[in-house]
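*Asks:* What shape does this take:
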Amino acid sequence: MPRLASHTDSVPPSGIRRIFELAHSVDDVIYLAVGEPDVPVADAILDAAAAAWEADDTDYTPNGGVPELREAIVRSVAERNGIRTDTERVWVTNGATQALYLAMSLVLDPGDEVLLPDPGYTTFTMNAHLLSATPVPYPLHPDRDFTPDIAELERLVTDRTKAIIVNSPSNPLGAVFDRDTLAALLAFAEAHDLWVISDEVYERFTYDIAHTSLASLGGDDRVLTVFSASKTYALTGARVGWLLTPPGLAPLLRSAQEAMISCVNTPAQRAVVAALNGPQEHVAAAAEHYRDNLERAAAALDERGIRYLDPAGAFYLWVDVSHATGGDVASWAERFLLEQHVAVAPGSAFGRMGEGWIRLCAAASTADLLEGIRRLPARSDATAGSGTESSDSGPTTEAPGSAPTADSLAESAAGSAATPVQSDSSSQPRAGILVRPIRAEEIAFASEQRFAAYSADLEITGDYAEEVRDVARHVETAEVWVAVEEETGRVLASVTLPRPGETLHLGRPGELEFRLLAVDPDARRRGLGRLLTQFVIDTARERGATRVVMNSGTEMTSAHSLYESMGFARMPERENPPGIEPSRAYGLEL
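*Replies:* Predicted coordinates:
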């Protein structure tokens, strides 16, 4: 078949969806992974949708939405958000997801950079890739309560930066930015002439802090605001959102909407008219339910000594389980689901800064939420697993709660040339795994292991197969590092690096390139790919490199997802030219 557009294979898969789909293969699961409201839809809203269907009110509507809905939105944002607008600046979309894509497609050209929060909603990054733009994560740090640092943003902005995405209340964090923080973000955008896309889907759910809409602070000519009925009115499947734009864009928006969706289905629009114009007691009741659940969950986490971000908005708890995940929260979340029957969203699905954290959805029954938290490994239980005994079945099994201590790391490294992976919170080493240079007697085994690892994902023949197998030449011309199981001495994974001061094929001066990272097929799902990638990053920093780069075949999708979850960005200009095996190149700025 013909080749798909090159940007399509750069879109990372959703780590949340992975858990969601896996959960359907497990019985008696407590679902805390997906942001699905658990409250019923108000009767008046259901009646309005049913009446539209009964009346055969199913014709096309204007591209921007039915007039009654656009007028209701104008009134709502004026009363609740302090935004003065008009119907020609209101565009009804197929949920907030389409509103986000529409906003980003309006302001980003291929190659443009967009600043987006890390941790942040997964669709931000996915949309950027679909548009052939470059996502540039701006870190949100725990020691700042996950609020943006303007000084860090100043270091990240370049002449290619065209937009910044702001999300308050935040999914996944539950953080709410105060007025001063939002004003500083708007001033930053004005200083660098950036568009601002403000995701305010959870605007109606804040606790002890008022929600502030960015567009209410000014910036009338640069702020695009995304809203939704999905969370506020528990209408996630109805797919109705809306985008508020700067003035003067109506002709363009009509064309864009016609090309994308034509219009949103009419009965769903009628339902949201009733939602916005009707009583709001059910929204207040939902907010109180979520607040109560969040407070109960926070108390339960306190009892277990588990750190979390105090939730100020939305209906999520951002929970630190780094004491139990061994530096790979995505793999831990899968094991936790299979062993404890609790589905949680791994923090790494939301960006590199989410490693070691999970998102719990409090839009659930109180009993389920508290039981799910009870099954989490308490900090004092970190070496005992996730409330169950660890398996003795062999080296390919690792309990979700297993994590090495500082003493065990020191003992592991003592008396050997091995290099333990750094034990900071973003990359805790796996218990009993050492990273060290390959030994002569391991070369033949590593050669066949690499071939088996690559053959598990794609068909490799000819020169490429010989390149994968030729570990001996790599040892002679570069460095080959291996991850070794300390107890058995078995090589589990390997990676090729250049010698200090040298480069490989893709690397340039000041960069560190790594090649042929391979994990034994029998040792997958132990976080070894992430461990070796973090080792490469740490080595690059130690050697004074400014960037880590790699280039691999387009079929290596699992590896690409890993790199993107760790903050690597696509580098199309470094990929193989036409006529050569298609590839994807990635770089991580240090």
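*Asks:* so where's the stretch 251-400 of the chain uncertain?
*Replies:* Judged by pLDDT under 70, the stretch 251-400 of the chain has its weakly predicted residues at 380-400.
*Asks:* Helices of that one, residue ranges please.
*Replies:* 266-277, 281-303, 322-325, 329-340, 366-374 (DSSP state H, counting those that start in this stretch).
*Asks:* so who does residue 39 touch?
*Replies:* 234, 282, 285, 286, 289, 363 (CB atoms under 8 Å, 6 or more residues apart in numbering). Where C-beta positions appear, they are placed from N, C-alpha and C, glycine not excepted.
*Asks:* check contacts around the second one.
*Replies:* For residue 282, the set of contacting residues under the criterion of CB under 8 Å, 6+ apart consists of 39, 42, 233.
*Asks:* same check, this time on the third one
*Replies:* Under the criterion of CB under 8 Å, 6+ apart, the neighbours of residue 285 are residue 39.
*Asks:* hmm, back to that, any idea which of the helices of the stretch 251-400 of the chain is most buried?
*Replies:* helix 322-325 (a mean of 25; mean count of other CB atoms under 10 Å).
*Asks:* In which helix or strand does residue 165 reside?
*Replies:* Here residue 165, judged by DSSP states H and E, is contained in strand 161-167.
*Asks:* can you check residue 587 too?
*Replies:* strand 583-589.
*Asks:* do residue 208 as well
*Replies:* Remark: residue 208 resides in no helix or strand, with elements defined by DSSP H and E.
*Asks:* Name the nearest residue to it, sequence neighbours excluded.
*Replies:* Among residues not flanking residue 208 along the chain, residue 312 sits closest, at 6.9 Å (CB to CB, 6 or more residues apart in numbering).
*Asks:* Surely that neighbour touches residue 178?
*Replies:* No: with contact defined as CB atoms under 8 Å, residue 312 does not count as touching residue 178 (9.4 Å).
*Asks:* who's more crowded, those two?
*Replies:* residue 312 (22 against 14; other CB atoms under 10 Å).
*Asks:* Could you look up the next helix or strand downstream of the worst-scoring helix or strand of the chain on mean pLDDT?
*Replies:* Within the chain, confidence by mean pLDDT, DSSP states H and E is lowest for helix 406-413 among all helices and strands, at a mean of 29. Where DSSP H and E defines the elements, the next helix or strand beyond helix 406-413 is strand 433-437.
*Asks:* buried set for that following strand?
*Replies:* 433, 434, 435 (16 or more other CB atoms under 10 Å).
*Asks:* is it true that the second one touches residue 484?
*Replies:* Yes: with the criterion set as CB under 8 Å, residue 434 and residue 484 qualify as a contacting pair; they are 5.1 Å apart.
*Asks:* picking that back up, would you list the contacts of residue 39 in a markdown table and tack on distance to residue 451?
*Replies:* Shown next, in a markdown table, are these (distance: CB to CB, whole Å):
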| residue | distance to residue 451 |
| --- | --- |
| 234 | 52 |
| 282 | 60 |
| 285 | 60 |
| 286 | 55 |
| 289 | 55 |
| 363 | 47 |
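*Asks:* Tell me how far stretch 106-125 lies from the chain's centre.
*Replies:* Remark: stretch 106-125 is offset 12 Å from the chain centroid, using CA atoms, centre = their mean, to the nearest Å.
*Asks:* hang on, the earlier thing: just the buried residues of the strand holding residue 587, please?
*Replies:* 583, 584, 585, 586, 587, 588.
*Asks:* Repeat that for stretch 152-165.
*Replies:* 153, 157, 161, 162, 163, 164, 165.
*Asks:* Would you agree the first one is in contact with residue 115?
*Replies:* Just to be clear, that refers to residue 153. Yes: Residue 153 is within contact range of residue 115, at 6.6 Å (criterion: CB under 8 Å).
*Asks:* Please enumerate the shared neighbours of the two.
*Replies:* Residues touching both residue 153 and residue 115 (CB under 8 Å, 6+ apart): 138, 164.
*Asks:* tell me, what's touching residue 312 and residue 178 both at once?
*Replies:* Joint contacts of residue 312 and residue 178 (CB under 8 Å, 6+ apart) are residue 209.
*Asks:* ok, back up a step: the helices of the stretch 251-400 of the chain: which one's closest to residue 147?
*Replies:* Among the helices of the stretch 251-400 of the chain, helix 281-303 comes nearest to residue 147, with 18.8 Å by CB to CB.
*Asks:* what about that closest one, distance to the chain center?
*Replies:* 25 Å.
*Asks:* just stretch 513-528 next, same as before
*Replies:* 22 Å.
*Asks:* Look up how far residue 334 lies from residue 301.
*Replies:* Separation of residue 301 from residue 334 (CB to CB, to the nearest Å): 22 Å.
*Asks:* Enumerate every residue touching residue 64.
*Replies:* Per CB under 8 Å, 6+ apart, neighbours of residue 64: 70, 87, 88, 90, 91, 92, 250, 253, 254, 257.
*Asks:* Closest to the centroid, which residue in the chain?
*Replies:* For the chain, the residue nearest the mean C-alpha position is residue 350 (2.1 Å; CA atoms, centre = their mean).
*Asks:* Could you find the closest non-adjacent residue to that residue?
*Replies:* residue 119 (3.8 Å).
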